[in-house]
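In: need a structure here:
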Amino acid sequence: MALAVSACDMPLRSMNQMGHNDFLVLDSHLDTPLVLDRAGFDITRRHDWQKDYAQVDLPRMQEGGLDGGFWVIYTAQGALTERGYAKALAHARHRNQVIDEMLRGHGPDFEFASRAEDAPRIAATGKRIVYKSIENAYPLGENIDLLDEFYAAGVRMVGLVHSKNNQFADSATDLQGQKWGGLSPLGRQLIRRANRLGMIVDMSHAHDDALAQAIELSATPIILSHSGAAFLHKHPRNVPDDLLKKLARSGGVIQINSLSAYLRDSRADPKRLPEFLAIYRKYQNAPGGMRENHKAFIEERRALDKKYPPDYAEFSDVMAHIFHTLELMGADHVGIGLDWDGGGGVNGLQDVSDLPRITEALRDKSISSETIGKIWSGNMLRLLRQAEETRDMGK
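Out: Just a heads-up that it's a prediction; the model follows:
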């Protein structure tokens, strides 16, 4: 069970003796609601990532010492039309309900959290911590008042954009290039609304120009909930050193991800990704969606993996991004957001049961318990606390 106090508050002797399970361990980007939405999926039963394509469940959270984190309301990018917005909003509301269903159905095991102070209290009871976040604000359409609805539902982090440009910002990976030159006017309004509500602003997936503008605009520090360092791998989803330094100077935090293609050059067959996306869309758009069609989806995905074997990066690649950003940005600006159930996972770190390996690797480099505590949860909770303070002051 994680301690109810942060590593920063521990006496020096106790801190030096802290093992993985003594830290409050949070992940900033759990795509597990995608898996929760499968009919019949039981979060309290142990699954196998190779057979079930599920990386997070209660037994493995306990084994890996994962106390919880931000559970994601993700919506794929669609058309910037009224019809597209309406469909996306319905999807986001449904995904929020899926998280609530887990909380209602497994009260002895999971507990909702809305403030930074909730995390250590919940961890001390042995329950898993459930914060909520939005990945891709596309479902809000052009009505940012809808952000208030999601705040009332418990969302405390909002990511503006995903794989393509939307109405709020340019994406790092839109093949058509930039639409707005960074943030759109509506995106600027959204950041200000998030600040007033007390939400952390997440700029993972955003174009570098949008990130730089968000850093300047936001009243509270920005988080990159699942990103990496461009210095080590020049993928559009990774952030260059000069911008990471700017993020650190503003108080922001990068949470390092474990999606192989973002960590190093991929040797996977280039046909794999488009065929995977075609399979995903096929079942997502079928009657009943992925909730009712997940078994057929899994079978086709297994066949795809046999046809085009995935090329996983190594555990050492994840640690390289952690160590680089620690050296570049400092201990107050690095955390963990491994993109579980959303594409994350490398050789040696394929589900949450492997998380103690990160603490061990940090220890092997003589990283202090104080710094490890900040990486695992302290830095992210500081950002949430700052967002709460800004709301409380009415800024």
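
In: Can you tell me how far Pro185 is from Phe168?
Out: 10 Å (C-beta to C-beta, to the nearest Å). (Glycine included, C-beta is placed from N, CA and C.)

In: same check, this time on Gly344
Out: For Gly344 relative to Phe168 (C-beta to C-beta), the value is 24 Å.

In: How about Ala153?
Out: Distance of Ala153 to Phe168, given as C-beta to C-beta: 19 Å.

In: between these two, who's got more neighbours?
Out: More neighbours surround Phe168 than the other of Ala153 and Phe168, with 27 against 15 (other C-beta atoms under 10 Å).

In: For the more buried one, give me the pLDDT.
Out: Note on Phe168: pLDDT of 99.

In: gap between it and His91?
Out: In terms of C-beta to C-beta, Phe168 sits 17 Å off from His91.

In: and if you look at Pro236?
Out: Taking C-beta to C-beta as the measure, Pro236 falls 25 Å from His91.

In: what helices or strands is the longest helix belonging to the chain leaning on?
Out: The longest helix of the chain (DSSP state H) is helix 82-105. Helices and strands touching helix 82-105, by 3 or more C-beta pairs under 8 Å, 6 or more residues apart in numbering; DSSP states H and E, are helix 33-36, strand 68-74, strand 110-112, strand 128-135, helix 146-152.

In: mind saving the C-alpha coords of that helix as CSV?
Out: Extracted in CSV, the C-alpha atoms of helix 82-105 (Å, rounded to 0.1, in the frame of the first residue of the first chain):
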residue,chain,number,x,y,z
GLU,A,82,-22.5,19.8,-36.2
ARG,A,83,-23.2,16.2,-36.9
GLY,A,84,-19.6,15.2,-36.1
TYR,A,85,-19.7,17.2,-32.9
ALA,A,86,-23.0,15.7,-31.8
LYS,A,87,-21.8,12.1,-32.4
ALA,A,88,-18.5,12.8,-30.5
LEU,A,89,-20.4,14.4,-27.6
ALA,A,90,-22.6,11.3,-27.2
HIS,A,91,-19.5,9.1,-27.3
ALA,A,92,-17.7,11.2,-24.7
ARG,A,93,-20.7,11.2,-22.4
HIS,A,94,-20.9,7.4,-22.8
ARG,A,95,-17.2,6.9,-22.0
ASN,A,96,-17.7,9.0,-18.9
GLN,A,97,-20.6,6.7,-17.9
VAL,A,98,-18.3,3.7,-18.4
ILE,A,99,-15.9,5.0,-15.8
ASP,A,100,-18.8,5.8,-13.4
GLU,A,101,-20.1,2.2,-13.9
MET,A,102,-16.8,0.9,-12.8
LEU,A,103,-16.9,3.1,-9.7
ARG,A,104,-20.4,2.1,-8.8
GLY,A,105,-19.8,-1.6,-9.5
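
In: And what about Phe323, helix, strand or coil?
Out: The three-state label given to Phe323 by DSSP: H, G, I helix; E, B strand; the rest coil is helix.

In: pLDDT score assigned to the closest residue in space to it that isn't next to it in sequence?
Out: Nearest residue to Phe323 in three dimensions, chain neighbours excluded: Lys365, at 6.8 Å (C-beta to C-beta, 6 or more residues apart in numbering). pLDDT, Lys365: 97.

In: Before I go, just wanted to say thanks for your time.
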